[in-house]
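Trainee: Test case, fold it:
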Amino acid sequence: MTHSDTHRDSFRFGVEAEYQLADAETFRPLWHQDLSFEELNQVLESIAVDDLPPVVGLELEPPHRKLMPYAVEGYHVPAPDLSPIDLLPKGIEIRTPVCSSIEQCLATLKTLHDRLETALLGRGYALVSLSHHPTEHHFEGPQNKRRYDFWQWAMEVMTTCGPDINVSLPHELNDCIDVADLHRKVNYYSPALAALSLASPIYRGELWSMRGAVGKSIRTYRRSVIAPAIELHPQENGRMEFKLFEATNQLVDYHAFILLWLTLLLDNELDGRAHNQTRVYDLGAISRFGLEAETVRERATAVLTRSPVVLEKYGFDIGPLSVMQRRLETGRLPADDIIDCFRETGSLEHVLRLRAGLVDNADVTPYSFDN
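Mentor: So this is what the prediction gives:
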């Protein structure tokens, strides 16, 4: 996602949301051995998007042939020169165009999701928001990157999904960003924010556990060591990408994700700082213990307390943050809903049905941010 020069003086927003696929009738989880790039790409190319904001700046990644706000996600099969000649699908990604408001971004995401969902149902597929494949856990493919670590990462992410939250600040605010300091701030607070989204407690068809205790997120556990928390794209008019939140089928979560990332970017009074290694260890802890991990509640509270102060002066509606505040106070995460569903039914089908669709939570119950 790339911003055009006309966007320099305003906030801009975008979401990249990955989805897994399931059989639309049985909700059996699907993977690359069940899917083909050609079939899925044909479905994506057939979806009408001319009435939506243009996809200016989106990159066309082979073997895709048409620039569109959809992409088949998966493992690129390489030619001898490492150019991609095919793709083994793990799922589908929606990439919203650059939007001038959070509301426009979310409305576009919902429209793109609903049209995709309808098109896929015609081929017998359902969209599911799970951050880790519920049955598959290992993938090996021919080397498709010149760098060994990039190749290893390409294989690792074949079992994981998650959203990327993109924000560009007005240029006068962007010019004030100290990049090194932002990374240290993100290292300190991002594990606590990621904890509020944890939603992948299913691994190899069962509840994921370590040392006898069921964990909250196998996805965060597996990717914490080598995956970046953020990526900055100064060449794209300052696009800044947050990558730690987990997949969700709740539109209000996406709204809250954007607001939390904005708070980190804009607030100069959040004074916690940490090294990369601290973030890695913290993510490992929250993947197992969620909000009960050491100091996580305190750090999440700090961000949520500052959000109204920081965001309201720019005119942002902070109502959707009430969802995160409620999770913080009750300790109940999306992972707990999945755990309860699996324990009550013993069925992956029920879990996948629970995580299908994209729920438009239009009416968010107001919640007090008072201490």
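
Trainee: Go through stretch 43-51 and flag the buried ones.
Mentor: Going by neighbour count (16 or more other Cβ atoms under 10 Å), the buried part of stretch 43-51 is Val43, Leu44, Val49. Any C-beta I mention is one placed from the backbone N, CA and C, and that applies to glycine too.

Trainee: Among those residues, which one sits closest to Leu67?
Mentor: If you rank the buried residues of stretch 43-51 by distance to Leu67 using Cβ to Cβ, Val49 comes first, at 10.3 Å.

Trainee: For that closest one, which residues are in contact?
Mentor: Contacts here follow Cβ atoms under 8 Å, 6 or more residues apart in numbering; on that basis Val49 touches Val55, Met68, Pro69, Leu112, Arg115.

Trainee: what's the closest of the residues you listed to Met210?
Mentor: Within the contacts of Val49, the smallest distance to Met210 is 36.6 Å, found for Leu112 (Cβ to Cβ).

Trainee: Touching, the closest one and Pro97? I think so.
Mentor: No: using Cβ atoms under 8 Å, Leu112 is not in contact with Pro97; the gap is 9.3 Å.

Trainee: higher neighbour count, those two?
Mentor: Taking neighbours as other Cβ atoms under 10 Å, Leu112 and Pro97 compare with Leu112 leading, 23 against 20.

Trainee: With adjacent residues omitted, what lies nearest to the more buried one?
Mentor: For Leu112, ignoring the flanking residues on the chain, the nearest one in space by Cβ to Cβ, 6 or more residues apart in numbering is Ile94 at 4.9 Å.

Trainee: Spit out the contact partners of the one you found.
Mentor: Taking Cβ under 8 Å, 6+ apart as the test, what Ile94 contacts is Val15, Glu16, Ala17, Tyr19, Pro69, Tyr70, Leu109, Leu112, His113, Leu116.

Trainee: Among these, which lie within strands?
Mentor: Val15, Glu16, Ala17, Tyr19, Tyr70 (DSSP state E).

Trainee: Just the buried ones from the contacts of Val49?
Mentor: So, by 16+ other Cβ under 10 Å, the buried ones in the contacts of Val49 are Val55, Met68, Pro69, Leu112, Arg115.

Trainee: From Gly357, how far out is the third one?
Mentor: Right, Pro69. The gap separating Pro69 from Gly357 is 19 Å, by Cβ to Cβ, to the nearest Å.

Trainee: Pro53 too?
Mentor: Pro53 is 23 Å from Gly357, by Cβ to Cβ.

Trainee: follow-up on the earlier one: now tabulate the contacts of Ile94 in TSV and tack on distance to Phe316 and pLDDT.
Mentor: Converted to TSV, those look like this (distance: Cβ to Cβ, whole Å; pLDDT from 0 to 100):
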residue	distance to Phe316	pLDDT
Val15	16	98
Glu16	21	97
Ala17	21	98
Tyr19	27	98
Pro69	24	97
Tyr70	28	98
Leu109	17	98
Leu112	23	98
His113	23	98
Leu116	28	98
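
Trainee: in stretch 136-144, what's buried?
Mentor: Buried residues in stretch 136-144, defined by neighbour count with 16+ other Cβ under 10 Å: Glu136, Phe139, Gly141, Asn144.

Trainee: thinking again about what came up before, out of the buried ones among the contacts of Val49, what pair is the most spread apart?
Mentor: Val55 and Arg115 (14.3 Å).

Trainee: Now distance to Pro78 too, for the buried ones among the contacts of Val49, in CSV please.
Mentor: CSV is the format used below for these (distance: Cβ to Cβ, whole Å):
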residue, distance to Pro78
Val55, 26
Met68, 23
Pro69, 26
Leu112, 29
Arg115, 32
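
Trainee: from these, which single one is nearest Asp164?
Mentor: Pro69 (13.7 Å).

Trainee: ok, Val167 - how many residues close by?
Mentor: Val167 has 23 nearby residues by other Cβ under 10 Å.

Trainee: gap between it and Ala256?
Mentor: Distance from Val167 to Ala256, by Cβ to Cβ: 13 Å.

Trainee: repeat for Gly284
Mentor: Taking Cβ to Cβ, one finds Gly284 at 24 Å from Ala256.

Trainee: what helix or strand is the residue sitting furthest away from the middle of the chain on?
Mentor: Most distant residue from the mean C-alpha position of the chain: Pro80, 32.4 Å away (Cα atoms, centre = their mean). Counting by DSSP states H and E, there is no helix or strand that carries Pro80.
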